[in-house]
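Student: 3D, please:
(one chain, ligands or ions: 1)
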Amino acid sequence: MTGHLAPWAASPEATRPRLRGRQRCDVAVVGAGLTGLSTAFELLSAAPRLRVVVLEADRVAAGASGRGTGLLGPRVGPALHVARRRFGDETARAVHLWSVAAVRHVLDLVERERLACDLTPGGQLVVARDEREAEHQLREREAALMLGLPPDQVEFVGQGRLPRYADRYRSGLRYGPAATLDPAALTEQLAGAGERLGLVIHENSRVRRVRRGLLSTVVTDGGELIADHVVLAVNAYGGSLRAAPSGVLPVRVQAGVTPKLSGEQLAELAGLDAEPLIEHGEVAPYFRLTTDGRLVIGGGALERGAHGALARHPGRLLTAARALSPALAGISLDAAWAGPVAVTRDGLPVLGEHRDDPWLHHATGCNGHGLAISVYHGARLARRITGEDTGPDGLPWLRARAPWLPRGRVADRVVDRYLEHLAAADAPFGSARTAVAVSGSPAPWTETPS
Ligand SMILES: Cc1cc2nc3c(=O)[nH]c(=O)nc-3n(C[C@H](O)[C@H](O)[C@H](O)COP(=O)(O)OP(=O)(O)OC[C@H]3O[C@@H](n4cnc5c(N)ncnc54)[C@H](O)[C@@H]3O)c2cc1C
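Tutor: Predicted structure coming up:
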């Protein structure tokens with residue numbers, strides 16, 4: 001286990017210097033999460049003489065990348081049968097294969113660069129809880145067949161073939177290739193790999209604005225960075241930057257982790273170490289095991305806004321963990337936390353350039369599923385900057401902004417109600433009223449015992 005970098009462990013202090021004074025570089029990257037650091041790393045791998053500087057408001061991995069649950073898997077945007085209807089078969093197939101390529105890119109990168117992040121290859125099992133969800137899974141199987149996707153990428157698993165701990169579910173869809181990893185460790189390792197190539201990272205350097213011109217000037221409280229290209233890799237935090245693409249809604253999601261499980265408990269969950277379990281549904285729980293035998297649980301609550309690291313409903317995470325197996329009936333949580341994801345109305349990311357400025361690049365909108373996508377987006381942005389990526393390839397999210405979203409107080413209230421509704425609809429979370437004792441984790445976003 002990579003230990004101290006996991007989201008439930010003590011968050012390291014920022015150690016890299018702030019930006020001071022006026023400086024010049026070729027590419028200024030805003031945001032030291034997986035998107036920004038992957039962009040910087042790939043740029044320097046392709047063109048070692050470039051001067052690349054990352055400006056981070058807080059510290060490396062302070063955002064979603066340091067708080068993720070570590071499920072690396074394919075899929076992007078709507079379900080396959082919806083994608084077929086919306087985009088047509090050719091694009092729906094290309095979109096899915098792109099997401100498979102994104103996973104493979106991360107697997108290759110981790111192996112090639114020896115990034116220590118507890119990578120455990122396997123699959124991903126999405127399970128249906130009732131007849132309606134099982135029908136949805138059959139439609140997905142049908143769509144995968146129509147698109148000609150290989151069976152090791154999307155496989156229907158009937159009830160009798162589900163793992164023992166999951167035999168109460170109606171059916172499953174197994175997705176591959178996939179893996180689990182410690183995303184905080186991956187992010188920090190990527191920062192280190194970039195620094196070995198000459199990358200400069202300034203922490204505690206919040207970008208206040210981007211002045212566009214012949215060259216762009218990125219302005220922080222302590223300094224200015226003049227750059228040929230600027231990459232906005234701020235994920236759900238784009239609201240305060242006018243240059244960031246519009247149509248991106250910041251939403252906080254939550255997760256938690258148990259203490260190390262006993263040998264008996266782990267035996268009851270045999271198979272979960274290689275294949276996380278994801279219940280069907282927007283806010284439904286999902287589970288994975290860490291390499292040191294803890295259960296990570298995600299889901300259960302959605303809240304509007306990017307800021308705030310406390311899990312508001314840790315009781316829902318605990319209820320879900322206890323419902324997973326009778327062996328977990330007395331389990332507690334060691335920590336619970338929240339982090340921001342960037343949501344778009346059509347469920348698709350946003351990758352590209354500002355509509356009036358081809359030198360101002362962005363990537364965001366991974367809709368909570370961005371572990372593979374963010375890293376792959378970084379590689380893509382690097383190719384766009386070096387000129388290797390020349391033309392459109394039919395992906396529906398190469399665009400200047402996401403579809404319009406209403407804004408203002410009334411719109412916010414509607415979104416709040418909708419997010420509450422989604423969480424309430426997802427059993428077992430909806431009925432959860434468990435008071436949780438969270439046994440003190442040093443992470444600053446750990447929920448205090450209630
Ligand atoms: C609880 C949780 C669980 C998740 N689990 C999974 C999962 O299992 N699988 C999966 O695929 N995805 C998961 N995700 C989503 C995934 O973590 C994200 O899609 C991905 O990490 C986004 O990376 P990023 O670099 O775009 O954004 P971030 O990691 O959020 O990085 C953005 C960075 O920009 C910085 N920043 C913002 N504004 C400024 C500014 N003005 N100036 C300078 N810096 C700025 C922030 O401090 C931050 O460090 C999860 C997310 C959360 C929150």
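Student: measure the one residue sitting closest to the centre of the chain to the ligand for me?
Tutor: In the chain, the C-alpha nearest the mean C-alpha coordinate belongs to residue 370, at 3.3 Å (CA atoms, centre = their mean). Remark: distance between residue 370 and the ligand (CB to the nearest ligand atom, to the nearest Å) = 2 Å. Every C-beta, even on glycine, is put in place using the N, C-alpha and C of the backbone.
Student: that residue and residue 305, how far apart?
Tutor: According to CB to CB, to the nearest Å, residue 370 stands 18 Å off from residue 305.
Student: and the chain, which residues reach the ligand?
Tutor: 30-36, 55-58, 62-65, 67-71, 183, 206-207, 233-235, 237, 241, 253, 255, 298, 339-341, 366, 368-371, 374 (CB under 6 Å from any ligand atom).
Student: show me those residues that map onto helices.
Tutor: The helices, defined by DSSP state H, take in 34, 35, 36, 183, 370, 371, 374 from those.
Student: wait, the last one sits on residue 65?
Tutor: Which is residue 374. Yes - using CB atoms under 8 Å, residue 374 is in contact with residue 65, at 7.1 Å.
Student: what touches both of these two?
Tutor: Residues touching both residue 374 and residue 65 (CB atoms under 8 Å, 6 or more residues apart in numbering): 33, 34.
Student: what about the stretch 301-450 of the chain, any weak spots by pLDDT?
Tutor: 392, 426-450 (pLDDT under 70).
Student: for it, which segments count as strands?
Tutor: Along the stretch 301-450 of the chain, the stretches classed as strands by DSSP state E, counting those that start in this stretch are 335-343, 350-354, 357-364.
Student: deepest of those strands, which one?
Tutor: Highest mean neighbour count among the strands of the stretch 301-450 of the chain (mean count of other CB atoms under 10 Å): strand 335-343, with a mean of 25.
Student: partners of that strand, with directions?
Tutor: If you go by DSSP bridges, strand 335-343 pairs up with strand 249-260 (antiparallel).
Student: next secondary structure after the partner strand?
Tutor: Per DSSP states H and E, the first helix or strand lying C-terminal to strand 249-260 is helix 263-268.
Student: show me what counts as buried in that following helix.
Tutor: 265, 266, 268 (16 or more other CB atoms under 10 Å).
Student: who's in contact with it?
Tutor: Against helix 263-268 from outside (CB under 8 Å, 6+ apart): 165, 273, 289, 293, 325, 326, 327, 328, 331.
Student: quick one: name whatever helix or strand follows that helix.
Tutor: Note on helix 263-268: by DSSP H and E, the next helix or strand toward the C-terminus is strand 277-279.
Student: who does that next one touch, helix- and strand-wise?
Tutor: strand 120-128, strand 286-289 (3 or more CB pairs under 8 Å, 6 or more residues apart in numbering; DSSP states H and E).
Student: and residue 193, backbone torsions?
Tutor: Per-residue torsions, residue 193: phi -60, psi -40 (degrees, to the nearest 10).
Student: measure it to residue 187 for me?
Tutor: For residue 193, the distance to residue 187 - CB to CB - is 11 Å.
Student: between those two, which has more neighbouring residues?
Tutor: residue 187 (29 against 21; other CB atoms under 10 Å).
Student: for the more buried one, which three-state class applies?
Tutor: Recorded secondary structure, residue 187: helix (DSSP: H, G, I helix; E, B strand; the rest coil).
Student: isn't it right up against residue 60?
Tutor: Yes - the pair residue 187 and residue 60 passes the contact test of CB under 8 Å, sitting 6.3 Å apart.
Student: where is the longest helix in the chain?
Tutor: Longest helix in the chain by number of residues (criterion: DSSP H): helix 89-113.
Student: buried sites along that one?
Tutor: 92-96, 98-100, 102-103, 105-107, 109-110.
Student: quick one: average pLDDT of it?
Tutor: For helix 89-113, the mean per-residue pLDDT is 97.
Student: remind me what that helix packs against, helices and strands.
Tutor: strand 71-72, helix 80-87, strand 171-180, helix 183-196, helix 370-386.
Student: can you give the domain ranges for this protein?
Tutor: The chain is divided into the following domains under automatic domain parsing: 3-68+184-248+346-386, 249-343+406-450.
Student: hang on, the earlier thing: restricted to helices, list the contacts of helix 263-268.
Tutor: Per DSSP H, the contacts of helix 263-268 never map to helices.
Student: perfect, that will be all.
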